[in-house]
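# Whatever this is, show me its structure:
(2 chains)
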Protein chains: 2
Amino acid sequence: MHVLNNDKDGLKDLSFINEIKSIAVIGPSEKRNFFFLRNHAENFSGNIYAVHPSLNQIPGFDDGTKNKIFKSIKEIPDNVDFVFIAVPANKVINVIEECAEKGVKLATIFAANFSDAGTEEGVKLEQELIKKAQNRVRILGPNGLGLFYPKLGIAWRPKFPTIPGNVGFIAQSGGICNLAVYSGMELGIYFSKVFSFGNGADVDFVDLLNYLMNDPETNIITCYLEGIKNHRAKILKRVLSENMNHHKKPIIILKGGKSSMGAIAAKTHTASIAGNTAIWKTLFRQYNLIEVDSLEQLLHAARLINFYGIREYNNIAVFSISGGYGVVLCDLIESHGMRIPPFSPDIQEKIENKFFMEGTSPKNPLDVAAQLFYSESIIDIIDLALSDKNIDALIMDLPCWYFHPDFYVLPDDKLEKNLIKAFNLGHAHDKPLIPIIQRANCPKHRERISSLLHDKKIPVFGDPLEFLPLLPKITNYSRRLKDSC
Amino acid sequence: MHVLNNDKDGLKDLSFINEIKSIAVIGPSEKRNFFFLRNHAENFSGNIYAVHPSLNQIPGFDDGTKNKIFKSIKEIPDNVDFVFIAVPANKVINVIEECAEKGVKLATIFAANFSDAGTEEGVKLEQELIKKAQNRVRILGPNGLGLFYPKLGIAWRPKFPTIPGNVGFIAQSGGICNLAVYSGMELGIYFSKVFSFGNGADVDFVDLLNYLMNDPETNIITCYLEGIKNHRAKILKRVLSENMNHHKKPIIILKGGKSSMGAIAAKTHTASIAGNTAIWKTLFRQYNLIEVDSLEQLLHAARLINFYGIREYNNIAVFSISGGYGVVLCDLIESHGMRIPPFSPDIQEKIENKFFMEGTSPKNPLDVAAQLFYSESIIDIIDLALSDKNIDALIMDLPCWYFHPDFYVLPDDKLEKNLIKAFNLGHAHDKPLIPIIQRANCPKHRERISSLLHDKKIPVFGDPLEFLPLLPKITNYSRRLKDSC
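Residues are numbered from 1 along each chain as shown, chains lettered A, B, ... in the order given. Now for the predicted structure:
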């Protein structure tokens, strides 16, 4: 693998993260009910320690057989690879000095009121912090939540998933990381690593991008970015170029601070200079990043790519349970620059032979009406549509009540089983099949089916506008990727 | 009330609908497990009859004490106001003749294969049908599902809600009506009447629009329209003008068939000529209709207007639990043409006094971080923000896990109670408060809270792009409404 990971290139080596064996939480807070300690302890299988000057007992943490609470990190008999520091800003300097002495490799600093405060004092404190770390401890933060690494069970929040995925996520904001991770659970997105780097005083966006680019556990890079420091622009371009030419991992980016008020808010939030939107847009285009407008779009784009890969969405087949909804889907698909072509003559003829009920239409868009309840025929129809060389992908609308027998129009005891078979045909044909299961009167059944389909890497949406704007973005990315080969 | 309801104006009187007392389902199908009969019988409190030439028993319908199954509609001893006709196309003519004799006022014809078939034969059959109805029976259909009228318990589908609302919906497509009604239940939207008029051979879009415009039970008119017959254009304009100048009911419209393939699909679907998109757009603007792009947008626009009325969304306050998400919200709000102004100096000062935790920001956008768990202060902060004369509305993001105590960062046993108090402040100040409760790891809690808030007429969204594009549409509608006064 192409490696760019060394300090003389202005990029900090973080490859040790994949080998973290022991961690400590410094400053567990009784008032917060030991929130960060409990969360880090929840799924971590290595050694975990608490550091506190006066606490002797932490309910549920120290069972008395082996001491896990120490007055200082220096007293821990074991090596400590990673620490989560939850002490107030004014105590951080001392703690980081001790970490450097102890040989800690990575520290998350949760406290705010460093450069993010926008005061001279805060800026000075942050400079002092970096000095004391002596380039021996890499720092995530201050004002960050650090590292979520499901494979090793490292997490700052309760019930973060333990299933490792291949999507990496980088953000300054911890809150947006929480949203990405917890929303990901609803959407079938699992992460390799998630970083909340806060003020980015030491490890910053560029370092983390470079790390994920080189990380064998990460295939898709997603990020929320407010801004970078001016002197890092050149190095960012180098990393992006390296990715475009060698690693070719898709990078999906949500840029915060594009509007006047957003830029001011970003400055308040993490002291970031959001910079000129046009310059960022040009950069993203130049290095073939996929830019999205919301966190929700970022997650949806990640799962479309994760589940169906990089490909072009030009010619779409539409399968609708309602003629009217099918018409609207066609309008929306065309208004997003895609086509709904007729099926090839031979396929069209075969599809026509499968239709036998009134109110149906065997042409693209397919309107199956109540023939849905002859679900064996539905499998055949979808199979035929996907086998057409004119078709790149199939979008299928099916509201959630079709998964609740009380709402069946005709009896069909194999409906659900057959529909799931049909949904799977996208992967069988290596063509995306995208179900829209509208959010309606059967939320529990919707949840049940969605989760089942997500396990099979079939992305369920509830509203066509959640994903239609993303398909041309993936198409453009795919074309530019080919062009650059 | 201004009334335009008479036949010589080319508009069919349908006011008798509000007085329907007895109904019959003609052609209940054993194969469909008496689907349409069961559904119409589910909540209708008046007399309901089944008509079938050979069936003597229908499980759960006729209890044997009083005959409710008749061989022909003529044999029913009672008056019959409304019939749902579920016989095949070739038998409809005879049935409609009998209905005309019997004095039936309104008939839904479910069968397809009339003009929708695109055949000369189908067109002729439809003409014959209208002739036989003799202007004595008004017809919804053919190829339609007819009438949903929750106040009277008339419904063509199982478990349609029995709660009457003030939103009317008109569509050719029955499937899109099903989606509107069942999705409405998830969104807190309840309907006065819903019409699926299919081919519109007799009663058409223009008649129904006129009816809802004059209907005292309807305040908001929503519709999905594929097209109208050329000779109805002039009358449509007359109705729209009447509405704009007198009734002033908001009309939210989703136009199907705007794209090339959508237009072809609409023709297949209901034999509608979708017409020139530019002409429709001009018409909608001229008569101040609110045009949306998807059924989901239509429903969201309806509830924004239903819950918060007609108003301008110019200056928005943002309340965020995550600084990063707040930045993105600002970007999205500005990119949709709205502003995030600073609070007035006096309000700003008062808000600043309410903030005491790190990582928070008391300016617009408000970033409350972990101070959320001092939820008494949150009520005060929102109250102050809404009291600012510079602010038209407040958008508040709060992911679903904040409604599950396992995920609290700090203990706060009044959190949920206080948040609900805070959500209510929009109505107290007569300013829209729009919560974004993101769909994440706690779907059951999200559902619980959403349903609770919808009962209080507070519209919950899961994604900012579900509603942000609609706010400028409501603003424009509101401005034009004022201009026309």
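# Quick one, grab the pLDDT at the residue nearest to residue A:219 when sequence neighbours are not counted.
Leaving aside its sequence neighbours, residue A:219 sits nearest to residue A:166 (Cβ to Cβ, 6 or more residues apart in numbering or on different chains; 4.1 Å). To be clear about C-beta, it is placed using only N, CA and C from the backbone, and glycine gets the same treatment. Looking at residue A:166, its pLDDT stands at 98.
# My read is that residue A:166 contacts residue A:216, right?
No: here residue A:166 does not reach residue A:216: they are 9.8 Å apart, not a contact under Cβ atoms under 8 Å.
# Could you measure from residue A:344 over to chain B?
16 Å (Cβ to the nearest Cβ, to the nearest Å).
# okay, now that residue: neighbour count?
14 (other Cβ atoms under 10 Å in any protein chain shown).
# gap between residue A:121 and residue A:114?
Separation of residue A:121 from residue A:114 (Cβ to Cβ, to the nearest Å): 9 Å.
# Just checking the distance from the lowest-mean-pLDDT helix or strand in chain A to the centre of its chain.
Here the helix or strand of chain A ranked lowest by mean pLDDT, DSSP states H and E is helix A:260-270, holding a mean of 74. With Cα atoms, centre = their mean, to the nearest Å as the basis, helix A:260-270 stands 23 Å off its chain's centre.
# Output the contacting helices and strands for that helix.
helix B:323-335, strand B:366-367 (3 or more Cβ pairs under 8 Å, 6 or more residues apart in numbering or on different chains; DSSP states H and E).
# Of these, which is nearest residue B:380?
strand B:366-367 (11.9 Å; Cβ to Cβ).
# Heading C-terminal from the closest one, find the next helix or strand.
helix B:375-387 (DSSP states H and E).
# relative to helix B:375-387, how tilted is the helix or strand following that following helix?
Using DSSP H and E, the helix or strand that follows helix B:375-387 in sequence is strand B:393-397. Going by axes from the mean of the first three to the mean of the last three Cα atoms, to 10 degrees, strand B:393-397 is angled at 150 degrees with respect to helix B:375-387.
# Strand B:393-397 pairs with which strands?
strand B:316-320 (parallel), strand B:433-436 (parallel) (DSSP bridges).
# relative to helix B:323-335, how tilted is the longest one?
Between the axes of strand B:316-320 and helix B:323-335, defined by the same axes, to 10 degrees, the angle is 160 degrees.
# now strand B:316-320: mean pLDDT?
97.
# Other residues contacting it?
Around strand B:316-320, the neighbours that count as contacts under Cβ atoms under 8 Å, 6 or more residues apart in numbering or on different chains are A:175, B:326, B:329-330, B:333, B:338-340, B:343, B:364-368, B:381-382, B:385-386, B:388, B:391-397.
# and the closest residue to residue A:308 other than its chain neighbours, how many neighbours?
Among residues not flanking residue A:308 along the chain, residue A:432 sits closest, at 4.1 Å (Cβ to Cβ, 6+ apart). A count of nearby residues for residue A:432, using other Cβ under 10 Å, gives 23.
# Ok, residue A:232 next?
18.
# Touching, it and residue A:206? I think so.
Yes: in this structure residue A:232 lies within contact range of residue A:206 using Cβ under 8 Å: 5.0 Å.
# can you confirm residue A:165 is in a helix?
No: checked against DSSP: H, G, I helix; E, B strand; the rest coil, residue A:165 lies outside a helix; its state is coil.
# Isn't it up against residue A:193?
No: judged on Cβ under 8 Å, residue A:165 makes no contact with residue A:193 at a distance of 9.7 Å.
# Can you name the residue of the stretch 251-400 of chain A nearest to chain B?
residue A:322 (2.3 Å; Cβ to the nearest Cβ).
# and that residue, what does it touch?
Neighbours of residue A:322 in contact, by Cβ under 8 Å, 6+ apart: A:367, A:397, B:173-176, B:178-179.
# same question, residue A:192
A:149-151, A:164-168, A:212, A:215, A:217-219.
# Show me which positions of stretch A:337-351 end up buried.
Residues of stretch A:337-351 classed as buried under the neighbour-count rule (16 or more other Cβ atoms under 10 Å in any protein chain shown) are A:338-341, A:343, A:347-348, A:350-351.
# how far does it stretch from start to finish?
26 Å (Cα to Cα, to the nearest Å).
# who touches it?
Here stretch A:337-351 makes contact (Cβ under 8 Å, 6+ apart) with A:313-318, A:330, A:333-334, A:362-366, A:381, A:384-385, A:387-391, A:471-472, B:261.
# Using neighbour counts, trim these to the buried set.
The neighbour-count criterion (16+ other Cβ under 10 Å) marks A:313-318, A:330, A:333-334, A:362-366, A:381, A:384-385, A:387-388, A:390-391, A:471, B:261 among those as buried.
# what sits against residue A:254?
Residue A:254 is in contact with A:223-225, A:291-295, A:297-298, B:328, counting by Cβ under 8 Å, 6+ apart.
# how many neighbours does residue A:148 have?
By other Cβ under 10 Å, neighbour count at residue A:148 equals 26.
# I'd say it and residue A:191 touch.
Yes: the pair residue A:148 and residue A:191 passes the contact test of Cβ under 8 Å, sitting 6.8 Å apart.
# Quick check: neighbours shared by these two?
By Cβ under 8 Å, 6+ apart, residue A:148 and residue A:191 have these common neighbours: residue A:181.
# Name the residue of the stretch 51-200 of chain A that lies nearest to chain B.
Counting by Cβ to the nearest Cβ, the stretch 51-200 of chain A gets nearest to chain B through residue A:175 (2.3 Å).
# Spatially, what comes nearest to that residue if we skip its sequence neighbours?
Using Cβ to Cβ, 6+ apart, the nearest residue to residue A:175 is residue B:322, at 2.3 Å.
# Let me see the mean pLDDT of the helix or strand in which residue A:233 is found.
Residue A:233 belongs to helix A:233-242 when assigned by DSSP H and E. Mean pLDDT, helix A:233-242: 95.
# ok, the helix or strand following that helix: who's next to it in the sheet?
Next helix or strand after helix A:233-242 toward the C-terminus (DSSP H and E): strand A:251-255. Here strand A:251-255 has these sheet partners by DSSP bridges: strand A:220-225 (parallel), strand A:290-292 (parallel).
# mind putting those in TSV, mean neighbour count and mean pLDDT included?
Listed next are the strands paired with strand A:251-255 as TSV, based on neighbours: other Cβ atoms under 10 Å in any protein chain shown; pLDDT from 0 to 100:
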stretch	mean neighbour count	mean pLDDT
strand A:220-225	25	97
strand A:290-292	22	98
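# May I see those organised as CSV, with distance to residue A:80 added?
Listed next are the strands paired with strand A:251-255 as CSV, based on distance: least, Cβ to Cβ, whole Å:
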stretch, distance to residue A:80
strand A:220-225, 28
strand A:290-292, 38
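# for residue A:48, what are its contacts?
Residues in contact with residue A:48, defined by Cβ under 8 Å, 6+ apart, are A:22-25, A:40-41, A:68.
# Below-threshold pLDDT in the stretch 51-200 of chain A: ranges please.
Where the stretch 51-200 of chain A drops to pLDDT under 70, the residues are A:63-65.
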